[in-house]
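In: Following is a predicted model, sequence given first.
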Amino acid sequence: MKNYLWIGACLWCLLMTAQQKENSLLWKITGNGLEKPSYLYGTMHVSKKVAFRLDDVFYKALNESDAIALESDPTFWMGEYYEEEKNDPKNLTRGGYDDDFYEGMFKLGHPEPQLVRYSLRLGDEALNGFLYRKSNGGDNFEEETYLDLFIYQAGKKNNKPIISLEDFKESQYLTTVAGNSEPKKEVDKWLQERLENKNRYTLMEDVYRDRNISLLDSIGQATDTEYYREYMLYKRNQNMVDELIKSMGDKSIFAGVGAAHLPGEKGMIHLLEKEGYTVVPYTSEQTEYASAQKELLDDTFVAPTLSRKRTDDDFISIESFDELRGFSASNQTFIMVPEMTNGAYLMMYRINTFPYLPITPEETEEINLDYIENFLYEDIPGEIVSKEKITSPYPGFDILNKTKKGDYQRYRIYETPLELLIIKLGGKQGYVKQFGDSIFNTLEIKQVTTGMEEFNSPNKGFKVMFPKYRTATNVSLAGKKLLQGKSDGITYFLQETVVNSTNYIEDDKFEAQFIVEEFAQNQKLQLKDGYLSKNPYQSYTALAQDTINNTAMYLHSVMRNNKYYLLGATTTDKKTADAYFNSLEFNTPKYEKFETVVDTALYFTVKSPVDAPYRKSNSYDRPKAHESLEKSTTYYTPANEFIRVKMEKFHDLQMYKDAQEMWEDYNNDLADNYSFEELGATLKDSITSQNNDLYTYSRTYTDSSSAKILKYKNIYYKGRIYEIKTVYDTIQEPSEFISNFFETFTPKDTLLGKDVFVDKVDIFFNAVKSRDTLAFVSNELLRFNKKHIDQLIEWIPTVKADEKNFKSERNDAIKQLMALQEEDDRVLPFIEYLYELSYDQPDVQSLILNELMRTETRKGQKILLGLLEKDLPLSTSYQDNFLRRNDRNLVLRKELFPELFKYASISEYKEPVYELLAKLKDSGLMKVKQYKRYRDQIITDGKIDIKRNLSASSSYGSTSNLLPYAKLIFPFREERNAKIFFEKLIKSKNDKVLSYYYLELLKNNESIPAELEEYKNTDADFEAVIIRKGARYGVKPYNNLNDQEIARATLLGRINIEKKKDSMFFLKKEIIKTDLDEEVSVYFFKLIKENTYKDKEYVMYAAYLPEKDREYKTETYDESSSNGISITPTRDEEDIINKVTKKLKHLTRGRVPRIGGRY
């Protein structure tokens, strides 16, 4: 959070203070009608001792002042922090790498023993940024707090009012703008030279120690841009001076602000002088007076201001310093309340114990008071001074302890029917002994009662009949919500969690049932009598039994837009359970007020009930001003609604001919990331519109198997495009939050980019001439047309071979120019000229050939052959493009022969020519007799490449593709020359080509050469290749070949197996019925890989669907990757097989992972 990142704040203070001749941090303000002097002090926001080199006059000024002014009042920091954090979803539980998405969604479990012990041990570390700002290992070199809070405490302990010089939101806005600005390209040279001999932090400490604000100002100017300083310093300086002037008058104010704000032409000192005040340095020696004053302030405690506060579920109330604001994670809640005046704190840990859930065999210890008592000696800090067992309002302990530093702490630990409660009060020295009773004696915890009542969720999103005796986790904040309650011996629970996905819609029936099944399996419960229902949302209900402990509970799931619900009741009485489940009703969420929110990071305004999410700036890898830029954020509400917002600022050279082309390009980019149709969503409606410079594109996606609706809206405005999206459903209308957001979203009139509908070609060519980086990486951004042909013809030949910066731009220009050849007669003559001109740039020649091939016309091919006659590009990376990649129209490609044969003797063209010829032969377009006259050339080239491959294999060099040779030469296999080729081919041990040769011989009922047969019998990998390919092409390498052998061969092809050390054997076959009602055959194998320390064991599998018109299964439905799934002490063969079979059953589901957590 911005205000409390104290290390960063320290850097700003030290780097950006402006020039003053006098070396002083304390300044006295008089004149202009002031009845009393006021004081201005430049602080360093840390607790290091260098910040506490305080003169006598510092304390005299503090004592003489009537009020304390700071940048912001620390009293409100926790509240401001909470407001920033509360709408960021909390308590979400998702499966890890090996967990199922759905299993993690509603996961509940007994607390880990280490979590309980950690909660006892955890001290004030979480409040370090608020109370101390200490560094690890630096305690002996730091004071007990940082200087700003020391000044605040001095005022509060002397009953002086505290004044905030800045409005929190205004300050946050200004610092966010500064943080998002482009950094200074380079630190000034003089500072670079100084930093060669001294690191930056040491230099800053020296400057602060010397109070040399003139040098501090110079460092600030050398480090940051004026734009940054304008928002981080100057505007804030003016705001603080305005507030300070209002506060002075007849009062003496002691103002402490970061030292950065004091000096310079736009610093607070000069701004005060401009208003007519006299501002002079106020300095003195540091004597025993200063030391005595500091000691007095450190040792003084004042009675804390207390008032009755409650947790958001009303379970706990206590006289507290501030609100009991909770943060939840992993179904536990942590509450921290700093007491800023005395540097004390109150903490609460609410640990849900879930006593109604079965205890699994892995859980060896029951977490209760006995467990905690066993570890008190180890986990309570320092020395336990006293320990008292208590019984009211629940059994527990009252503990007083003393740390090694001499600070007292006090614990209250309770075990309630649903949770462990740890309450801790801490403070310096004897604070806890002095004030502890005034806090703990006011503690009230809800007593056990019976009966049910209507519970309404915050924002009225749902209501349900629930026990009066209940606890709630995260119920008031965004994220996973958990209710638990007890009545008449039955425990009830309700979970609401969120799936904020905007690119996938799953079948509601499937998810409703699968969620219950996963929860039951995780709890080792057996489901019985499950059924689906819809009222109005899809749900699933079942009885879940614990056959070991002879207990049971009813479970009920409900699918509602992005919110999923799981309810449970520990009863076997279906009537009672149904009454609870049927009482759940949903409403459109309500919000108290909507305000205009300004999102400074993404440059838009919107009417919203929640503030813009705080977005920490990142100065690393920030693009240049002309480059494209992408930012995103998500707005969450406490009712678990969400809207994602993404802004893309286009590159300054981006061009579109019109909005339609822009939206088409956007849709293409979207399809590259994911296909809605593949992921279970179809387009329902689509609307585009324009209002002056504002272009919009709205659409929704739905699916017949779900009530969910994905809502998208894109907005283009002056060089940037926004994407806003969310989820709602067909049962209820979108909430006011969603409707308002989409309707009132307005891009700010901030000049970020250039209009994409304006011709940028002249800008590009001007940048090219001046070698401006604007022109770099501009390929595919510009849209050239007929009117640009002269400029292109003039510029393209000027790009030299060694100009790497412009090669991609030139290549894109060539492509676009060639696309205009049918529109203008100037293009082709220029292209032919450019081809001949580019003798020393084979990449240009190859690009031209490639583009000619892509025309898919006889005219293009004819020109290509003519250019090849003139010159041949020999760059191996480019001829691949025009021969290998352009083979879709084989009928047309056939006409390249026989002319291409003349280039086959050139090494760079040999492979692609023969590959294309082999494709033509395979397709039946090229008959053997049509290339028969070239067979001797092909055979000779093939022999040479075999020799090259043998040489490359022995030296780890690159090998040639021998398969085209085998295909082209096989028809001549009876000829002497061809026989020699195949004899040599066997020695290559190239499984790919030898498997082709082997299977072609079998197909033609010809005998297999003895050497080749021996290779198959002794090399498992080669045998596996033959089996796999044979099954695919309907050729049997063995008479008794079966699907199990094919599966084994398939898996062997995926691993690196050492024949003498590793082994693989069959485990079992399973038949699985999938969600699509298809039968899948799964073959499981065990792989053992020998290891020096310990053999490693894995389960591998290959799954197949039935294949019509094929004797054997050839294409896997799914298969294990790499070596398979490792067998571990906690995961045996059966565990893995069970998990695999479940995943294969639901393989077509987008959120059920493949194996190993991959979605």
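Out: Perfect, I can see it now.

In: Could you identify the helix or strand that succeeds the strand or helix carrying His556?
Out: Secondary-structure element containing His556, defined by DSSP states H and E: strand 551-560. Scanning forward in sequence from strand 551-560 by DSSP H and E, the next helix or strand is strand 563-569.

In: what helices or strands is that next one leaning on?
Out: strand 490-498, helix 508-522, strand 551-560, helix 574-582 (3 or more C-beta pairs under 8 Å, 6 or more residues apart in numbering; DSSP states H and E). C-betas here are computed from N, CA, C, even on glycine.

In: Excluding sequence neighbours, find me the nearest residue to Glu35.
Out: For Glu35, ignoring the flanking residues on the chain, the nearest one in space by C-beta to C-beta, 6 or more residues apart in numbering is Asp250 at 4.8 Å.

In: three-state assignment of the one you found?
Out: Assigned with DSSP: H, G, I helix; E, B strand; the rest coil, Asp250 falls in the coil class.

In: what does the model give it for pLDDT?
Out: pLDDT, Asp250: 89.

In: Any idea how many residues pack against it?
Out: Residues near Asp250, counting by other C-beta atoms under 10 Å, number 9.

In: quick one: it and Lys36 touch, right?
Out: Yes - the pair Asp250 / Lys36 is scored as a contact, 7.0 Å apart, by C-beta atoms under 8 Å.

In: one step back: as a markdown table, the helices and strands packed on strand 563-569 with distance to Glu1000, mean pLDDT and mean neighbour count would be great.
Out: Listed next are these as a markdown table, based on distance: least, C-beta to C-beta, whole Å; pLDDT from 0 to 100; neighbours: other C-beta atoms under 10 Å:
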| stretch | distance to Glu1000 | mean pLDDT | mean neighbour count |
| --- | --- | --- | --- |
| strand 490-498 | 58 | 98 | 23 |
| helix 508-522 | 47 | 95 | 22 |
| strand 551-560 | 55 | 98 | 23 |
| helix 574-582 | 66 | 98 | 17 |
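
In: Can you read off the pLDDT for the residue of the chain most remote from its centre?
Out: The C-alpha centroid of the chain is most remote from Arg976, which lies 63.8 Å away (C-alpha atoms, centre = their mean). Per-residue confidence (pLDDT) for Arg976: 95.

In: Check the one 3 residues further on too.
Out: pLDDT for Lys979: 96.

In: how deep is the residue lying closest to it once chain neighbours are set aside tucked in, by neighbour count?
Out: Nearest residue to Lys979, sequence neighbours excluded (C-beta to C-beta, 6+ apart): Arg973, at 6.7 Å. Arg973: 16 surrounding residues under other C-beta under 10 Å.

In: Next, Arg973: phi, psi?
Out: phi -60, psi -20 (degrees, to the nearest 10).

In: Phi and psi next, for Ile731.
Out: Note on Ile731: its backbone torsions stand at phi -80, psi -40 [degrees, to the nearest 10].

In: Now do the contacts for it.
Out: Ile731 makes contact with 536-537, 560, 586, 707 under the criterion C-beta atoms under 8 Å, 6 or more residues apart in numbering.

In: So it versus Val558, what's the distance?
Out: Distance of Ile731 to Val558, computed by C-beta to C-beta, to the nearest Å: 11 Å.

In: okay, and the common contacts of those two?
Out: Listed as contacting both Ile731 and Val558 by C-beta under 8 Å, 6+ apart are Tyr537.

In: which residues in the stretch 151-300 of the chain form helices?
Out: 168-179, 189-195, 200-210, 213-223, 226-229, 235-247, 268-274, 288-299 (DSSP state H, counting those that start in this stretch).

In: Take the ones you listed and write them to a markdown table, including mean pLDDT and mean neighbour count.
Out: Formatted as a markdown table, the helices of the stretch 151-300 of the chain follow (pLDDT from 0 to 100; neighbours: other C-beta atoms under 10 Å):
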| stretch | mean pLDDT | mean neighbour count |
| --- | --- | --- |
| helix 168-179 | 87 | 18 |
| helix 189-195 | 86 | 12 |
| helix 200-210 | 81 | 16 |
| helix 213-223 | 82 | 21 |
| helix 226-229 | 91 | 17 |
| helix 235-247 | 97 | 19 |
| helix 268-274 | 96 | 21 |
| helix 288-299 | 93 | 14 |
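
In: before we move on, back to that, how about the helices and strands packed on strand 563-569, which one is nearest Asn779?
Out: With respect to Asn779, and counting by C-beta to C-beta, the nearest of these is strand 490-498 at 41.1 Å.
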